[in-house]
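Engineer: below are the sequence and a predicted model for it; my questions follow.
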Amino acid sequence: MSLRLDAASLSLNGHRILQPLTLQLAQGEQVALIGPSGAGKSSLLLLAGSGHRPDGGNVQLLGQDPWQLRAPALRRLRSRIGSVYQHPPLPALQRVVTAIGAGQLGQLSTLAALRRLLWPQDVAAIRDALQRVQLGDKLWQRCDRLSGGQRQRVGIARVLYQQPELLLADEPVSALDPRLADDTVALLCADARARGATLLVSLHSVELALAHFPRLIGLRDGQIAFDLPRAEVTPSLLTALYAGEQPATADEPALGSGIRIAPC
Ligand SMILES: Nc1ncnc2c1ncn2[C@@H]1O[C@H](COP(=O)(O)OP(=O)(O)OP(=O)(O)O)[C@@H](O)[C@H]1O
């Protein structure tokens with residue numbers, strides 16, 4: 001099992017953010033996490049990636065409880081997990097080649113990691129990852145000269161280069177235009193499928209979730225509203241999930257407007 005939550009709950013600053021949640025992701029599964037703003041999607045992804053410690057229940061990552069591990073073992077475990085953020089934390093003065101190369105730092109010794117930060121290495125593989133997100137010409141660009149959408153794609157190139165066993169992505173395409181967003185989610189799915197990696201992706205776009213993922217988890221008020229195969233996610237379930245909310249941003253195309261249903 002790649003990810004297992006057993007009644008795992010989360011409180012932050014005295015507020016209950018996630019009610020006790022139980023879910024499992026088998027190796028190679030591809031799952032979309034949807035729900036209204038404030039539902040707890042980012043918090044769940046952080047809990048799943050050992051960024052937050054549960055205040056109840058248990059989290060197992062790639063078969064291990066991260067909170068029972070000593071620092072070196074925890075570092076090794078985290079190096080097998082990739083995270084994509086809505087706003088990737090890229091150092092302003094760093095070049096794109098170095099930012100992507102940092103994806104593998106966790107797998108290196110301290111000395112090798114330091115060397116890699118000073119001198120870009122493995123440039124051909126890094127360029128390849130960058131070309132896959134259609135940014136091949138930005139290899140030597142400084143990160144503070146990138147647009148928001150380009151920063152998101154550099155964050156994605158970084159995990160393509162890292163090749164993690166479990167990938168946790170929080171709104172990875174929110175700054176991309178609809179066509180590029182569709183291509184990029186398809187790329188993440190195809191890469192994970194080719195490597196047998198597990199994918200959990202939060203998305204505001206229900207269309208993208210339905211188009212690319214065989215299993216959808218709906219989260220609302222810190223609780224799982226449904227956890228179902230794509231075919232069983234009905235319009236009435238979606239209406240209830242987003243009651244009082246808009247399920248997709250205004251510039252995203254409506255259902256049936258050309259986004260393809262990909263076999264995941
Ligand atoms: N550090 C924190 N301390 C207290 N409350 C927090 C903290 N971080 C998040 N929250 C609250 O937890 C709830 C869930 O937030 P979270 O960011 O996980 O939701 P989300 O579903 O990812 O939202 P969005 O789609 O808008 O990004 C929100 O009500 C938020 O205000």
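Structural biologist: On my side now, so go ahead.
Engineer: burial count for Asp191?
Structural biologist: Neighbour count for Asp191, taken as other CB atoms under 10 Å: 18. Yep, even glycine has a C-beta here, placed from its N, CA and C like the rest.
Engineer: need the contact list for it.
Structural biologist: Asp191 is in contact with 132, 160, 197, counting by CB atoms under 8 Å, 6 or more residues apart in numbering.
Engineer: just the strands in this protein please.
Structural biologist: 3-12, 15-25, 30-34, 56-61, 81-84, 166-170, 198-202, 215-220, 223-229 (DSSP state E).
Engineer: which one of the ones you listed lies closest to Asp128?
Structural biologist: strand 81-84 (16.5 Å; CB to CB).
Engineer: so what's whatever residue of the stretch 51-200 of the chain ends up closest to the ligand up against?
Structural biologist: Residue nearest to the ligand within the stretch 51-200 of the chain (CB to the nearest ligand atom): Glu171, separated by 6.5 Å. If a contact means CB under 8 Å, 6+ apart, then Glu171 has 41-42, 86, 202-204 as its contacts.
Engineer: could those residues go into TSV alongside pLDDT, neighbour count and distance to the ligand?
Structural biologist: What follows is those, written out as TSV (pLDDT from 0 to 100; neighbours: other CB atoms under 10 Å; distance: CB to the nearest ligand atom, whole Å):
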residue	pLDDT	neighbour count	distance to the ligand
Lys41	97	22	4
Ser42	97	18	3
Gln86	87	18	7
Ser202	98	26	6
Leu203	97	26	10
His204	95	21	6
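Engineer: out of those, who's nearest Ser2?
Structural biologist: For the contacts of Glu171, the nearest to Ser2 is Ser202 (16.4 Å; CB to CB).
Engineer: ok, that closest one touching Leu45?
Structural biologist: Yes. Under the criterion of CB atoms under 8 Å, Ser202 makes contact with Leu45 at 6.1 Å.
Engineer: picking that back up, so which of the contacts of Asp191 is surrounded by the most neighbours?
Structural biologist: Leu160 (24 neighbours).
Engineer: so how far is Gln30 from it?
Structural biologist: As for Leu160, its distance to Gln30 is 15 Å (criterion: CB to CB, to the nearest Å).
Engineer: same question, Val201
Structural biologist: 8 Å.
Engineer: got it, and Asp183?
Structural biologist: Where Gln30 is concerned, Asp183 sits at a distance of 16 Å (CB to CB).
Engineer: what does Asp55 give?
Structural biologist: 29 Å.
Engineer: picking up where we left off before, so what sits against both of Ser202 and Leu45?
Structural biologist: 33, 169-170.
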